[in-house]
Structures are given as structure tokens and as C-alpha cells.
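> Got a sequence here, can you model it:
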Amino acid sequence: MLPGPIQVVECPHCGGLEQYQTLRSGNTFGARVWSDGKQVAPMLPRPPAVVKCSRCPECYWLADAREVGEFDPWEEGAEAADPAWKNATFVEEPTEEEYDRAIAGTLAKTPERERSLRIFAWWRANEPYRDPPESAEITPQPHSDAYRRNLKSLVGMMDENEENDLLMKAELLRELGRFDAAKDVLTRVTSPSFTEVRRQFESLCDRQDTGVRELHFP
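Below you'll find the predicted structure:
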């Protein structure tokens, strides 16, 4: 992994400055993949697609933020960068509750963006269960009504002509505790490239496990 310059952006709502680290290069060595579709790659860190402003209560799409400038703290002349840029807060991802408010607000302007926001909220809710103790997996606690409503909405957004979406739909149903429905969806995933994922999903359904789990591949 080779870091790039620091990018400084402006919140579209209040004009507050925030910064994030760019990359010159990276790789997926040591990446972990989870049953909800999230990949965590320590050698390929990315800023969140949606950001919670540190200065106002609003969230915004990072791609929509105006790029104010950039500076490279490892290069000669970095001390001459605007102090306001250097003192800007690093961007932070919204919480599950903040994603929920963003979905109900103005960020979900298109079906594609609503779907993405709902997936991000789902992933955020699953964060506490991604790193269980070595001795045992954490048993998921009952999720909120808002969490379940979000997953139910996502179920209806999946394109059943796409096998990736079928896998995601099966995972949503499994996490909702609808194991038979999840296994029925999995019968429509026939591509050999998904055989191992489907097997692991079916095993989780057989165990009546509703938690997000890390996927393992030979």
C-alpha cells in the first residue's frame, strides 16, 4: 500500500472542511469477506462513500463534495499548506441511526442511491459482529425494528436476474430468520463460481444462524 496526498473537501450543507487519505496503490492481500457482501481489505483502505459532517448534523455523498485542494504531508513543502486544510477533521462514516435518517431525508434521491444507503446501514449494523473472540463467535443480539424494516426493504430491491443479487437476497432472508425462504432463493444460484458461497450460506441456514459471518475459501 502506498498512500497518496490528503484530499480536502467541503461539506455541501455547511461548507465545513474535512479531509481523507487517498491511495497511490493498494492490494487485497489479507482481505476478509463477509456473508453480507462487505469486504475489509487492510491494504486497500477507502474513505466512506457517505460521510457524516463533523460540523453540522447532515450527511453527504463524498462524491458530491467540492474538492477544495490537496496536500501531501510526506513531501517537501507540506508545511506551506493552508492551516485550515491541515486542521480539517478526517471524514467519518455515519452510524446506523444516521444512515436511517439520511434515507428518510434527501440523500436517497434515486433508487440506486437508496439501495446503496440501505446496504451501508445494514453493514454498519453488523460491525459489532465482524471480529468475535477467537474462542467463540458472538451471538447476535436482537436487532431493532428499524434494522428489520431496512432488510425487508432491501429484499424487495434485489434483481432476481442477477446471481449476486440472489445471494444478497438469501443473506437478507437468513439474517431475518427466514431460513427456508433463503434456501429456496439459493437453489436459483447455479453458477459454479458461487458454489462455495452457496454451500456456506446453506450451512448457516441449517444451523439457523442469523448472524453475519466471515466466508472462508480454499
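> Which residue ranges of this structure form helices?
83-86, 96-104, 111-126, 145-155, 163-175, 179-186, 195-206 (DSSP state H).
> Residue 159: how many residues sit nearby?
Applying other CB atoms under 10 Å, we find 12 residues neighbouring residue 159. Yep, even glycine has a C-beta here, placed from its N, CA and C like the rest.
> err, residue 156, not the other one
Residue 156: 8 neighbours (other CB under 10 Å).
> how near is it to residue 119?
Taking CB to CB, to the nearest Å as the measure, residue 156 falls 13 Å from residue 119.
> can you put the helices of the chain in TSV and add mean neighbour count?
Below are the helices of the chain laid out as TSV (neighbours: other CB atoms under 10 Å):
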stretch	mean neighbour count
helix 83-86	12
helix 96-104	18
helix 111-126	19
helix 145-155	16
helix 163-175	22
helix 179-186	18
helix 195-206	16
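> Distance to residue 30 for these - can I get that in JSON lines?
Formatted as JSON lines, these follow (distance: least, CB to CB, whole Å):
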{"stretch": "helix 83-86", "distance to residue 30": "31"}
{"stretch": "helix 96-104", "distance to residue 30": "26"}
{"stretch": "helix 111-126", "distance to residue 30": "19"}
{"stretch": "helix 145-155", "distance to residue 30": "29"}
{"stretch": "helix 163-175", "distance to residue 30": "23"}
{"stretch": "helix 179-186", "distance to residue 30": "28"}
{"stretch": "helix 195-206", "distance to residue 30": "19"}
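> And these: which comes nearest residue 57?
helix 96-104 (8.6 Å; CB to CB).
> and that closest one, what does it pack onto?
Packing partners of helix 96-104 (3 or more CB pairs under 8 Å, 6 or more residues apart in numbering; DSSP states H and E): strand 50-52, strand 59-61, helix 111-126, helix 145-155.
> For residue 74, find the nearest of the ones you listed.
Ranking the helices and strands packed on helix 96-104 by proximity to residue 74 (CB to CB) places strand 50-52 first, at 23.9 Å.
> In the sheet, which strands lie alongside that closest one, parallel or antiparallel?
Strand 50-52 pairs in its sheet with strand 59-61 (antiparallel), by DSSP bridges.
> Near residue 53, how many residues? Count them for me, please.
Residue 53 is flanked by 21 other residues according to other CB under 10 Å.
> What residues does the nearest residue to it once chain neighbours are set aside make contact with?
Among residues not flanking residue 53 along the chain, residue 11 sits closest, at 4.5 Å (CB to CB, 6 or more residues apart in numbering). Residues in contact with residue 11, defined by CB atoms under 8 Å, 6 or more residues apart in numbering, are 17, 18, 53, 55, 56, 58, 60, 65.
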